[in-house]
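Chemist: What follows is a predicted protein model with its sequence.
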Amino acid sequence: MELQKMNGHSREEGFDGLDVMAEHEEFLPHKTGAKKDIRFTDFEGKTSFGMSVFNLSNAIMGSGILGLAFAMSNTGIVLFIVLLLCIAILSAYSIHLLLRSAGVVGIRAYEQLGNRAFGPVGKMLAACVITIHNIGAMSSYLFIIKSELPLVIQAFLDSEENTGEWYMNGNYLIIIVSVSIILPLALMKQLGYLGYTSGFSLSCMVFFLISVIYKKFNILCPLESEDQLNETLFADNHAAMNETGDICEAKMFTINSQTAYTVPILAFAFVCHPEVLPIYTELRDATKKRMQGVANISILAMFVMYLLTALFGYLTFYGGVESELLHTYSRLGFRDVLILCVRLAVLVAVTLTVPVVLFPIRRALLQILCPDKPFHWVRHIAIAFCLIFVVNLLVIFVPSIRDIFGIIGATSAPTLIFILPGIFYVRIVPEDQEPLLSRPKIQAACFAALGFIFMIMSLSFIITDWVTGESKSGGGH
């Protein structure tokens, strides 16, 4: 599955035709007989449109959804919606650039696009960025499992504190989850098979969203302890609201020292670009228009989910929302059954997302190590096992990996979303189709420049945090 046969890659000439003609010639050769000639993959794409939407939506949705309410508290509702909408549109445009570049040269691998644009250096750069970013994403998901699963088990056992038993140790739990759930799913030959687990993962996050909306009308601001919530009258709580001033007041527009973190958080929340071309490869009856439809629906669905989660999470806790939304709900105590179910749903969702994130890393490594060799089960299994092993070691032995993730996210996310798609488009689309000073190429160049601005801005915030000794940002991908 991971290794594509670039049989049409030798067609260096003949860019005179339209993109549609190139796509049909390269991706969808007409049936000349009983058989259909498979040109770019070692199997025929069989994943349905709906399953592809599930897979891409699952790739977009990350742990960053837990930090969006915190982001809204630092921007205000109106500014947050504007920023979220802009990032969603830019992400869809970025995918358009990738698909357009792929359609011109008949390549559906991010690394091979890099090779076509800049030779071996471009191929290595794309593969390294994908590998680093997705390893960071996998690690962030396993960190959630490491921190949240012991709390869920503790709640099920009705224990007031962690007893120190092995089944309450997060390090043991992530190993068990990795071996029993993540590894078997990562051994699937085709990414399309994960459409069912991706659909279930998204269902868990929809349950999380419904619970956030329900809790908005169930929790009075300011948030109090569990016993007080059961005993305090609304009148007393309303009096407390008056004493706290604007803590329980929704702000439409605000700017503070933490507002600048919102753009990187939102940008990272829409990173799915390493998974776009693998999903495109496995899409049934694949065309650029059909895959762009998959991307647009996925981005729209995540835009709605992100917006509702941030809005109702913020309107529940207002100025008291924490950088990780689930931590804020923890003030209700372990006996809140709904919050316990939400924790479990989030755990299931991030667990089922890890295999989807692993596939592009394996593809990138295969493109670097053995690009011309056919699919082989031993390599397929060995790479998955080694990746999961390395990520487990990171999560277990690195006590505070947040700053490392910050550097990875500040460099790899803008590179994948803005810089590489923009410069690939400028380099790959031939000048006889679009001159260098044509509007599409100027837009793509400006898009890449915007990525550099995001990168510099994000790195500046992280360095400032290190220098001042503060830790302000919340959420990751």
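Modeler: Done, it's in. Source: prediction; values computed, not measured. Residues are numbered from 1 along each chain as shown.
Chemist: now the helix or strand where Ala127 lies, how far from the chain's geometric center?
Modeler: For Ala127, the element it lies in under DSSP states H and E is helix 120-156. Its chain's C-alpha centre and that of helix 120-156 lie 10 Å apart, by CA atoms, centre = their mean, to the nearest Å.
Chemist: Pull out the buried positions in whatever helix or strand comes next after it.
Modeler: Using DSSP H and E, the next helix or strand after helix 120-156 towards the C-terminus is helix 170-177. Going by neighbour count (16 or more other CB atoms under 10 Å), the buried part of helix 170-177 is 170, 173-175, 177. Bear in mind the C-beta positions are built from the backbone N, C-alpha and C, glycine included.
Chemist: Could you check how far Ala286 is from His96?
Modeler: 15 Å (CB to CB, to the nearest Å).
Chemist: out of those two, which sits in the busier spot?
Modeler: Using other CB atoms under 10 Å as the criterion, Ala286 and His96 rank with Ala286 on top: 23 against 19.
Chemist: Per-residue pLDDT of the more buried one, please?
Modeler: On pLDDT, Ala286 comes in at 76.
Chemist: okay, which residue is most central for the protein?
Modeler: Ile60 (3.7 Å; CA atoms, centre = their mean).
Chemist: follow-up on the earlier one: export the buried residues of helix 170-177 as CSV, with columns for distance to Thr468.
Modeler: Below are the buried residues of helix 170-177 laid out as CSV (distance: CB to CB, whole Å):
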residue, distance to Thr468
Gly170, 30
Leu173, 35
Ile174, 32
Ile175, 37
Val177, 36
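Chemist: Including distance to Ser201 and pLDDT, could those go into CSV?
Modeler: Rendered in CSV, the data for the buried residues of helix 170-177 read as follows (distance: CB to CB, whole Å; pLDDT from 0 to 100):
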residue, distance to Ser201, pLDDT
Gly170, 21, 84
Leu173, 19, 90
Ile174, 17, 91
Ile175, 21, 92
Val177, 14, 91
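Chemist: ok, of those, which one's closest to Ala445?
Modeler: Closest approach to Ala445 among these (CB to CB): Ile174, at 42.8 Å.
Chemist: how close does that closest one get to Leu151?
Modeler: Distance from Ile174 to Leu151, by CB to CB: 14 Å.
Chemist: what do you get for Ile265?
Modeler: Distance from Ile265 to Leu151, by CB to CB: 24 Å.
Chemist: Now for the closest residue to Glu324 other than its chain neighbours: which residues touch it?
Modeler: When the adjacent residues along the chain are set aside, Glu324 lies closest to Leu66, with 5.1 Å between them (CB to CB, 6 or more residues apart in numbering). Leu66 is in contact with 324-326, 346, 475, counting by CB atoms under 8 Å, 6 or more residues apart in numbering.
Chemist: Select only the buried ones of those in ChimeraX?
Modeler: Only the buried members of those enter the following ChimeraX selection, criterion being 16+ other CB under 10 Å:
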select :324,325,326,346,475
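Chemist: Output the contacts of Leu66 in a markdown table; the columns should cover distance to Leu387, secondary structure and pLDDT.
Modeler: A markdown table is the format used below for the contacts of Leu66 (distance: CB to CB, whole Å; DSSP: H, G, I helix; E, B strand; the rest coil; pLDDT from 0 to 100):
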| residue | distance to Leu387 | secondary structure | pLDDT |
| --- | --- | --- | --- |
| Glu324 | 26 | coil | 75 |
| Leu325 | 29 | helix | 81 |
| Leu326 | 27 | helix | 79 |
| Val346 | 23 | helix | 86 |
| Gly475 | 24 | coil | 44 |
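Chemist: And the contacts of Leu66, which two are furthest apart?
Modeler: Val346 and Gly475 (13.4 Å).
Chemist: quick one: which of Ile265 and Leu151 has more around it?
Modeler: Taking other CB under 10 Å, Ile265 and Leu151 do not tie; Ile265 has more neighbours (24 against 18).
Chemist: pLDDT score for that one?
Modeler: At Ile265, the model reports a pLDDT of 74.
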